[in-house]
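Colleague: return a 3D structure for these sequence lines:
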Amino acid sequence: MSQINVNTVNEYASANGVTVDGVLIKDGAIASSFISGLTSGLSEADEWILTASVTSSTVISSNLARSSTSGVGSNMGTGMTVASGIWTFPSTGFYLVTWTGFLQNGGSGDFFLWCKGTTDNSTYNNLGYIVTYDSQGVGYATSTNSIIFDVTDTSQCKIKFETTNYDSGDQLHGNATQKKTGFSFIKLGET
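Modeller: Residues are numbered from 1 along each chain as shown. This next block holds a predicted model:
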């Protein structure tokens, strides 16, 4: 097998790109800062848990921690930040946002855990929820939901999680050593 050593490969026809091992590469399509991302895969992943139970309708703003259970990777990359229940993304891109809740319903109606998002750092829209309902007595459910959130500006695009319709006996369970209720963020790619 022969080897060719060159410093630069130019496209033969402008804007057609160059194919290497079946992968088409076009000028400007991949910034030089992203070349390492091609070989290392995902660049951001973060796993948080609720460490104590919530017993009211509220934005979840306390008792949040990165998972520290042995064998569970808490984060890769810079990671998320959370202040007063508002989650800030470390960089722009498409993010898979997943929330899991262990909900206890006191038997008086629906009890929700919402994911709400904003793209203007002001107006939050309902993006998805998990819910439990039991009219016969105390009911329990563990549910998961997810969205893909397009973060085009880290100062404007935010997420928050909120419980609503709390009635006596309702509870969103937390635990300091294992995931009962948790939040995951995985950057899938550039926006």
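
Colleague: any idea how many residues pack against T152?
Modeller: T152 is flanked by 11 other residues according to other Cβ atoms under 10 Å. Heads up, the C-betas are built off the backbone N, CA and C, glycines and all.

Colleague: wouldn't it be in contact with T191 here?
Modeller: Yes - T152 lies in contact with T191 (Cβ atoms under 8 Å); the separation is 5.4 Å.

Colleague: any common contacting residues for these two?
Modeller: Common neighbours of T152 and T191 (criterion: Cβ atoms under 8 Å, 6 or more residues apart in numbering): T92.

Colleague: what's downstream of the helix or strand of the chain with the lowest mean pLDDT, the next helix or strand?
Modeller: For the chain, counting by mean pLDDT, DSSP states H and E, helix 35-40 ranks last in confidence among helices and strands (a mean of 44). Using DSSP states H and E, the helix or strand that follows helix 35-40 towards the C-terminus is strand 45-50.

Colleague: can I get that following strand as PDB, trimmed to CA atoms?
Modeller: Provided in PDB are the C-alpha atoms of strand 45-50 (Å, rounded to 0.1, in the frame of the first residue of the first chain):
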ATOM      1  CA  ALA A  45     -23.400  14.900  29.500                       C
ATOM      2  CA  ASP A  46     -24.700  15.800  33.000                       C
ATOM      3  CA  GLU A  47     -26.700  13.800  35.600                       C
ATOM      4  CA  TRP A  48     -28.400  15.400  38.600                       C
ATOM      5  CA  ILE A  49     -30.600  14.000  41.400                       C
ATOM      6  CA  LEU A  50     -33.100  15.400  43.800                       C
END
